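Chemist: Next comes the sequence, and after it the predicted model I'd like to discuss.
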Amino acid sequence: MIKNGLLLTIFLSVIGVLGVIFIHIFVGAIIFVLIAVLMIYLLRQHKDEQIMIDKLLVLCRELK
């Protein structure tokens, strides 16, 4: 019985860690998308929007 409890505890802790990592990545992706949308919206106001968007795309590639 104690062995089963220990295995269950390890199993739940592994699921918990994976869940936290997944949520962290998910939240990071949402924030990144929001920043990208905001940047594009602000750059649309700019006269040289195509040049600025090209610079933004290059920056995004460098970040990856």
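Modeler: On my side now, so go ahead.
Chemist: rest of the way, CA atoms for contacts and neighbours
Modeler: Will do.
Chemist: how near is the residue most central in space within the chain to G19?
Modeler: Central residue of the chain (C-alpha atoms, centre = their mean): A29, 2.2 Å from the mean position. Per C-alpha to C-alpha, to the nearest Å, A29 is found 15 Å from G19.
Chemist: what sits against I40?
Modeler: Contact partners of I40, counting by C-alpha atoms under 8 Å, 6 or more residues apart in numbering, are I53.
Chemist: what pLDDT does K47 get?
Modeler: K47 is assigned 57 on the pLDDT scale.
Chemist: same deal with I31?
Modeler: Turning to I31, the model gives it a pLDDT of 93.
Chemist: Quick check: which element contains it?
Modeler: Element membership for I31, per DSSP states H and E: helix 2-44.
Chemist: what angle sits between the helix or strand following that helix and helix 2-44?
Modeler: Using DSSP H and E, the next helix or strand after helix 2-44 towards the C-terminus is helix 49-63. Put simply, helix 49-63 runs at 160 degrees to helix 2-44, going by axes from the mean of the first three to the mean of the last three C-alpha atoms, to 10 degrees.
Chemist: Please compute how far helix 49-63 lies from its chain's middle.
Modeler: 19 Å (C-alpha atoms, centre = their mean, to the nearest Å).
Chemist: swap in stretch 35-44?
Modeler: Counting by C-alpha atoms, centre = their mean, stretch 35-44 comes out at 17 Å from the chain centroid.
Chemist: which parts of it are buried?
Modeler: Residues 40, 43 are the ones in stretch 35-44 that count as buried (16 or more other C-alpha atoms under 10 Å).
Chemist: re earlier: with F22 as the reference, measure out to the residue nearest to the centre of the chain.
Modeler: On the measure of C-alpha to C-alpha, A29 and F22 end up 11 Å apart.
Chemist: cool, L38 as well?
Modeler: L38 is 24 Å from F22, by C-alpha to C-alpha.
Chemist: quick one: contacts for the residue nearest to the centre of the chain?
Modeler: No contacts exist for A29 under C-alpha under 8 Å, 6+ apart.
Chemist: low-scoring pLDDT stretches of the chain, where are they?
Modeler: Across the chain, the ranges flagged by pLDDT under 70 are 1-2, 45-50, 52, 64.
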